[in-house]
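# Mind folding the following:
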Amino acid sequence: MTVFRKKMLVALITSINVGFIFVLFNYENMETSLIPFLSDLLIFTFLVSIVYVAPIIIVLGIPISMGIDRLTSTLKNSKIRMLIQFPLYVISGLSMITLIMFISGTSPILLSTSDIANLVFVSIYPSTCFWLIDCLIKLKSTNV
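Predicted structure coming up:
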């Protein structure tokens, strides 16, 4: 599998994961019985993942991830490489979401606990999830 295909797989899994968590935490008005709840959860997760999360992760996340891989490729020790990649993913996720918020004209009020929590969720969680899934796929491909 090529590097781009691996990154697309990582982006797809990350998009679904982030969309699922977002829907789970933000839609309290879903049905209370099990089957309609699961149906609504599946539909809303798919919509949020495809419409909102996936475009950002594909357009920004994949090139940034490939850049981080290239930047850290000179490191021989894989454990040190992963330890250096983690903060780079977090910083890049935080900076990209901050840039998107700045361009769109919205800025978080960093004195508000809910704004800080939302900023962490939309920036640090997806980038950490992307990094973790990317590391797992790299480990699996090197062990096979």
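# low-scoring stretches of the protein, by residue?
In the prediction, the chain carries residues with pLDDT under 70 at positions 29-32, 108-109, 143-144.
# mind checking the longest helix of it?
Among the segments of the chain that qualify as a helix by DSSP state H, the longest is helix 78-104.
# What residues of it count as buried?
81, 82, 85, 86, 88, 89, 90, 92, 93, 94, 96, 97 (16 or more other C-beta atoms under 10 Å). Placement of C-beta: from N, CA and C, glycine included.
# From residue 19, how far off is the second one?
In this structure, residue 82 and residue 19 are separated by 26 Å, where distance is defined by C-beta to C-beta, to the nearest Å.
# Can you show me the strands along this protein?
Applying DSSP state E to the chain gives no strands.
# what are the ranges of the helices in it?
Assigned by DSSP H, the chain shows helices spanning 3-26, 34-48, 54-56, 62-72, 78-104, 113-119, 125-143.
# Excluding chain neighbours, give the residue nearest to residue 52 in space.
residue 19 (7.4 Å; C-beta to C-beta, 6 or more residues apart in numbering).
# how close does the spatially most central residue of the chain get to residue 57?
In the chain, the C-alpha nearest the mean C-alpha coordinate belongs to residue 126, at 2.2 Å (C-alpha atoms, centre = their mean). Using C-beta to C-beta, we find residue 126 at a distance of 7 Å from residue 57.
# Can you work out which residues contact both of these two?
Jointly contacting residue 126 and residue 57 under the rule C-beta atoms under 8 Å, 6 or more residues apart in numbering are 14, 18.
# What's the local residue count around the closest residue to residue 3 other than its chain neighbours?
The shortest distance from residue 3 to any non-neighbouring residue, by C-beta to C-beta, 6+ apart, is to residue 66 (6.8 Å). When neighbours are defined as other C-beta atoms under 10 Å, residue 66 has 13 of them.
# I am finished for the moment; much appreciated.
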